[in-house]
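Chemist: Predicted model follows, preceded by the sequence.
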Amino acid sequence: MTNTPNNLEDIKNLAIYNTQAIAALTNKIDDLTTNVNELTTDVNRVLARSAVLDDVILELQESQEQNQRSFEQYRQDFLEHQQTTNAALNSLEAILLQLIRIFPQQ
């Protein structure tokens, strides 16, 4: 029976140690949970921003394609206008030459 008080004291000390160890582990788990939650929030924020940027990139690409089509159309219109203008100038030049022949300068 002389071992009983020692065993009880050892068990009590072991229980106290285990309780402290469990409390420390609980704190570490709480810290880890907080870190994981913060990381999850950050990841969600980055993914949301990435989705927005992907949409912006798609819109920019569509806008660039539309602008390119518009530019090509304007370019084609300009070339046609230039041809029409040149034809009109050539006609005016021919008319002017005829008028000079008909009414020479005196």
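Modeler: Happy to help now that I have it.
Chemist: what stretches of the protein score poorly on pLDDT?
Modeler: 1-5, 106 (pLDDT under 70).
Chemist: Try it again at 90.
Modeler: 1-6, 103-106 (pLDDT under 90).
Chemist: Just the helices from it, written as ranges.
Modeler: 3-102 (DSSP state H).
Chemist: So for it, the centremost residue is which one?
Modeler: Nearest residue to the geometric centre of the chain (Cα atoms, centre = their mean): residue 53, 1.8 Å.
Chemist: Now for residue 35: which residues touch it?
Modeler: With contact set as Cβ atoms under 8 Å, 6 or more residues apart in numbering, residue 35 has no partners. In short, each C-beta sits where N, CA and C put it, glycine included.
Chemist: Can you give me the distance of it to residue 49?
Modeler: 21 Å (Cβ to Cβ, to the nearest Å).
Chemist: now swap in residue 23 and tell me
Modeler: 39 Å.
Chemist: before we move on, what about residue 74?
Modeler: Remark: distance between residue 74 and residue 49 (Cβ to Cβ) = 36 Å.
Chemist: Next, count neighbours for residue 47.
Modeler: 10 (other Cβ atoms under 10 Å).
Chemist: Return the distance of it relative to residue 6.
Modeler: 60 Å.
Chemist: Residue 95 now?
Modeler: Taken as Cβ to Cβ, the span from residue 95 to residue 6 is 130 Å.
Chemist: Check residue 56 too.
Modeler: Distance from residue 56 to residue 6, by Cβ to Cβ: 74 Å.
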